[in-house]
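In: what's the 3D shape of this:
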Amino acid sequence: LEQLTEKYRCQLVIKIEPDCAEDLIMEALRSLGDSPGTVPVLFAARENCSEVYIRSKRYSVNPDFGLLNRLKEILGHSGAYLRPV
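Out: Purely as a prediction, here's the structure:
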């Protein structure tokens, strides 16, 4: 995974669903803080039937399988994914 993010510019997308509990969001943010790196983090939310992306100024990560699996456990299977730039 690290080789892919080095070869292809990627961003980590965190989907925030309207019904997502605040404690789950806080847990996801702690996981992001535990994996600092250079890959930008985007938060995605639905607004007026379209998806809005907000780039985090605070978080950039070193995505690995452990981080992605933790985020998927917290936010659901489609709650975190890598997106090419």
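In: all contacts plus neighbour counts: C-alpha atoms, from now on.
Out: Noted.
In: so what strands line up beside the helix or strand hosting residue 46?
Out: Taking DSSP states H and E as the definition, one finds residue 46 inside strand 36-47. Here strand 36-47 has these sheet partners by DSSP bridges: strand 10-15 (parallel), strand 50-61 (antiparallel).
In: Give me the contacts around that strand.
Out: If you take Cα atoms under 8 Å, 6 or more residues apart in numbering as the criterion, strand 36-47 is touched by 5, 10-18, 51-56, 59-63.
In: Could you list the low-pLDDT ranges of this protein?
Out: For the chain, applying pLDDT under 70 flags the ranges 1-7.
In: Go ahead and name everything in contact with stretch 72-85.
Out: Counting by Cα under 8 Å, 6+ apart, residues outside stretch 72-85 touching it are 8-16, 20, 24-25, 27-28, 68, 71.
In: Can you flag the buried ones in those residues?
Out: Among the contacts of stretch 72-85, those buried by neighbour count (16 or more other Cα atoms under 10 Å) are 10-16, 25, 28, 68, 71.
In: Buried ones in stretch 25-35, by neighbour count?
Out: Buried residues in stretch 25-35, counting neighbours by 16+ other Cα under 10 Å, are found at 25, 28, 31-32, 35.
In: List the ones among those residues that fall in helices.
Out: 25, 28, 31-32 (DSSP state H).
In: With distance to residue 45 added, can I get those in JSON lines?
Out: Formatted as JSON lines, those follow (distance: Cα to Cα, whole Å):
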{"residue": "25", "distance to residue 45": "13"}
{"residue": "28", "distance to residue 45": "15"}
{"residue": "31", "distance to residue 45": "19"}
{"residue": "32", "distance to residue 45": "18"}
